[in-house]
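Q: task: produce atomic coordinates for the following.
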Amino acid sequence: MKAVVIILSCLLVVLTACSKKEETKLTAFSSEAFAYDLGDSSEVDATTQVKGFQQKEENNTYLATLSYDIDLVTPKGDTVKSLISKIVDRRQREKISDTELNAQFDLDSTYAKGNYKVVFRIKDVLSGNITTAAADFKLGD
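A: Alright, predicted model coming up:
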């Protein structure tokens, strides 16, 4: 009887440990931004990688939906909120491990030369989780 209780207890522990889903955390990484002088303006290219988003499976296809805003922090420390806003759907036949988010935008000659920062504010639409990522770039010279 004692052996049966021990075996059942061990079996319960194993089943409980195996059935728990590992909670993933929405994470952004490898963020980069670059500015290219176009004469009267500059083009900024910004990217970041994201992982840990929730996915749903439909008809042998995995779907993830992410929304993001890009804020611009000027050399004076002012923030231009939601300079870019996007929603992206990623679909593929295999589970998606990570995905790249990117944006391109122009800054006209009213933006002063100096060190800027782009801030990605990212939301996993399916789970509601939020994360941020930032990248610095230099405008001019």
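Q: which regions of the chain sit below the pLDDT cut-off?
A: Low-confidence segments of the chain, defined by pLDDT under 70: 1-23.
Q: could you rerun that using 50?
A: 4-5, 8, 11, 19-20, 22 (pLDDT under 50).
Q: can you show me the strands along it?
A: 27-37, 41-51, 56-58, 61-73, 79-92, 98-108, 114-124, 130-139 (DSSP state E).
Q: any chance of a markdown table for these, columns mean neighbour count?
A: C-beta coordinates here come from the backbone N, C-alpha and C atoms, glycine included. Below are those laid out as a markdown table (neighbours: other Cβ atoms under 10 Å):
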| stretch | mean neighbour count |
| --- | --- |
| strand 27-37 | 15 |
| strand 41-51 | 19 |
| strand 56-58 | 9 |
| strand 61-73 | 18 |
| strand 79-92 | 13 |
| strand 98-108 | 15 |
| strand 114-124 | 19 |
| strand 130-139 | 16 |
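Q: for stretch 115-132, output the C-alpha coordinates as PDB.
A: The C-alpha trace of stretch 115-132 is given here as PDB (Å, rounded to 0.1, in the frame of the first residue of the first chain):
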ATOM      1  CA  ASN A 115      21.800  61.900 -31.900                       C
ATOM      2  CA  TYR A 116      18.300  60.400 -32.100                       C
ATOM      3  CA  LYS A 117      16.600  57.400 -30.800                       C
ATOM      4  CA  VAL A 118      13.800  55.300 -32.200                       C
ATOM      5  CA  VAL A 119      11.600  53.500 -29.600                       C
ATOM      6  CA  PHE A 120       9.500  50.500 -30.700                       C
ATOM      7  CA  ARG A 121       6.400  50.000 -28.500                       C
ATOM      8  CA  ILE A 122       5.200  46.500 -29.400                       C
ATOM      9  CA  LYS A 123       2.000  44.700 -28.400                       C
ATOM     10  CA  ASP A 124       1.200  41.100 -29.000                       C
ATOM     11  CA  VAL A 125      -2.500  41.400 -30.000                       C
ATOM     12  CA  LEU A 126      -3.400  37.800 -29.100                       C
ATOM     13  CA  SER A 127      -2.000  37.900 -25.500                       C
ATOM     14  CA  GLY A 128      -2.000  41.600 -24.800                       C
ATOM     15  CA  ASN A 129       1.600  41.500 -23.700                       C
ATOM     16  CA  ILE A 130       3.700  44.600 -24.300                       C
ATOM     17  CA  THR A 131       7.400  45.200 -24.700                       C
ATOM     18  CA  THR A 132       9.700  48.000 -25.900                       C
END
